[in-house]
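S.K.: Just need the structure, nothing else, for what follows:
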Amino acid sequence: MSTLASTFDLTGRVAVVTGGAGLLGRQFCRTLAEAGASVLVADMDKVAAQKVADEIVAWGWKSVPQTTDVGDPKSVEEMTAVAIKTFGKLDILVNSAALDPKFDQHGRGKHGSAFEDYPLPAWDAAIRVNLTGAFLCSQAAVKAMLKQGGGVIINICSTYGLVGPDHGALVHRIALADLNGKGIRAGVPAILRLRDHDLRAVRARESTPEHIDRHRRHRYTLC
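M.R.: The predicted model follows:
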């Protein structure tokens with residue numbers, strides 16, 4: 001048994017990772033598989049998702065790819081159905097899909113950094129993936145998890161959702177930060193923070209670098 005599996009055993013569990021072919025997503029997929037879980041790699045990029053799944057299988061673990069648009073309810077339902085049809089159930093959902101139109105490969109260089117000039121279509125595209133996508137995937141997963149008696153949902157988010165970034169240290173200023181120094185103060189108050197909910201045996205939790213650092217030496221049992 002690997003060192004990871006001895007402290008983080010997910011043998012027999014089934015996980016779905018959205019954005020599974022991304023920079024972070026593929027690492028989540030590999031780690032879950034190494035811990036014993038069967039992993040469905042969900043991503044918009046069909047070729048990239050297939051590559052990640054093939055690599056996991058080549059290492060001796062279980063994985064399948066699934067082309068998924070997290071902003072499309074039908075695509076999300078299909079993702080969940082494929083996971084259940086292939087592996088028999090769904091224990092873990094990792095909402096890792098994310099989009100920043102300013103830095104995405106298809107939008108890089110197209111949008112100015114000024115908040116007042118930021119285009120609505122770019123805003124809508126980010127909200128569709130980052131918020132609506134997480135909502136739709138969680139909703140679909142919960143339906144399956146409730147039927148089987150429980151499960152775990154992990155929402156990957158940035159530390160900047162908890163603290164204000166040091167914009168002076170960033171090469172690219174982001175949205176409201178561009179207004180600083182122009183006589184306009186802008187910030188995002190923590191209006192509501194949801195974490196560690198008991199949703200009828202389905203546990204939902206956010207995960208940020210802060211939490212990883214705080215608990216990294218502890219033994220985990222996801223489900």
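S.K.: which residues in this structure form helices?
M.R.: Remark: helices assigned in the chain by DSSP state H are 3-7, 25-34, 46-58, 73-87, 120-127, 134-148, 209-215.
S.K.: Turn the ones you listed into CSV, columns for mean neighbour count.
M.R.: C-betas here are computed from N, CA, C, even on glycine. Converted to CSV, the helices of the chain look like this (neighbours: other C-beta atoms under 10 Å):
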stretch, mean neighbour count
helix 3-7, 12
helix 25-34, 22
helix 46-58, 18
helix 73-87, 18
helix 120-127, 14
helix 134-148, 19
helix 209-215, 11
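S.K.: so can I have a markdown table of the ones you listed showing distance to residue 93 and mean pLDDT?
M.R.: Below are the helices of the chain laid out as a markdown table (distance: least, C-beta to C-beta, whole Å; pLDDT from 0 to 100):
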| stretch | distance to residue 93 | mean pLDDT |
| --- | --- | --- |
| helix 3-7 | 20 | 68 |
| helix 25-34 | 11 | 96 |
| helix 46-58 | 16 | 98 |
| helix 73-87 | 9 | 98 |
| helix 120-127 | 20 | 88 |
| helix 134-148 | 4 | 92 |
| helix 209-215 | 17 | 48 |
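S.K.: Do you know the pLDDT at residue 24?
M.R.: Residue 24 carries a pLDDT value of 92.
S.K.: Spatially nearest residue to it (excluding sequence neighbours)?
M.R.: residue 96 (6.0 Å; C-beta to C-beta, 6 or more residues apart in numbering).
S.K.: before we move on, back to that, I'd like the helices of the chain written out as a markdown table, with distance to residue 66 added.
M.R.: Converted to a markdown table, these look like this (distance: least, C-beta to C-beta, whole Å):
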| stretch | distance to residue 66 |
| --- | --- |
| helix 3-7 | 24 |
| helix 25-34 | 12 |
| helix 46-58 | 7 |
| helix 73-87 | 5 |
| helix 120-127 | 21 |
| helix 134-148 | 12 |
| helix 209-215 | 26 |
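S.K.: Identify the residue spatially nearest to residue 134, adjacent ones excluded.
M.R.: residue 95 (4.3 Å).
S.K.: try residue 30
M.R.: In space, residue 30 is closest to residue 56, 6.3 Å off (C-beta to C-beta, 6+ apart).
S.K.: ok, the one you found - contacts?
M.R.: Listed by C-beta atoms under 8 Å, 6 or more residues apart in numbering, the contact set of residue 56 reads 29, 30, 33, 39, 41, 62, 63.
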